[in-house]
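Visitor: this one's sequence-less:
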């Protein structure tokens, strides 16, 4: 199934992510990490966005091997963990970030040209 058939891409483009400000009080939600060419390279979710992003920046996570590539991050507050999981999956499917395990697993199963087939 084509992603564009599954969800309304125009609606996804209107979702407003915030620039990270560690002074803000935030709940849980999803976040996107970008490289220097402004490509999304990782999408994640957390019940505590500040704590999770600080873990990434402190290289205290499974993402330590690529965190030096991260040049920008943004987040979308969504306190409901069910919606967090759904949104994370949608944005992984939409952006195809190279460091998310779901994308790496799909490439192993379907081949390196997986990105071009969707």
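Guide: All right, it came through fine. Note that the structure is a prediction, hence the values are computed from the model and not measured.

Visitor: show me where this protein has strands.
Guide: Along the chain, the segments classed as strands by DSSP state E run 18-19, 29-34, 40-46, 72-77.

Visitor: buried set for the lengthiest helix in the chain?
Guide: When the chain is parsed with DSSP state H, its longest helix is helix 81-95. For helix 81-95, burial by neighbour count (16 or more other Cβ atoms under 10 Å) applies to 84, 87, 88, 90, 91, 92, 93, 94, 95. C-beta coordinates here come from the backbone N, C-alpha and C atoms, glycine included.

Visitor: Enumerate every residue touching the second one.
Guide: So that's residue 87. Counting by Cβ atoms under 8 Å, 6 or more residues apart in numbering, residue 87 touches 30, 45, 76, 78.

Visitor: who wins for neighbours among the residues you listed?
Guide: residue 30 (26 neighbours; other Cβ atoms under 10 Å).

Visitor: Tell me the bridge partners for that one.
Guide: Under DSSP bridges, the beta-bridge partners of residue 30 are residue 45, residue 76.

Visitor: mind starting the numbering at 5 from now?
Guide: In the new count, where the first residue is 5, that last one comes out as residue 34.

Visitor: just checking, it touches residue 49?
Guide: Yes. Using Cβ atoms under 8 Å, residue 34 is in contact with residue 49, at 4.7 Å.

Visitor: on that earlier part again, the longest helix of the chain versus strand 76-81: what angle between them?
Guide: Between helix 85-99 and strand 76-81, the angle comes out at 140 degrees (axes from the mean of the first three to the mean of the last three Cα atoms, to 10 degrees).

Visitor: okay, the angle between helix 85-99 and strand 44-50?
Guide: Using the same axes, to 10 degrees: helix 85-99 against strand 44-50 is 170 degrees.

Visitor: Good, we can wrap up now.
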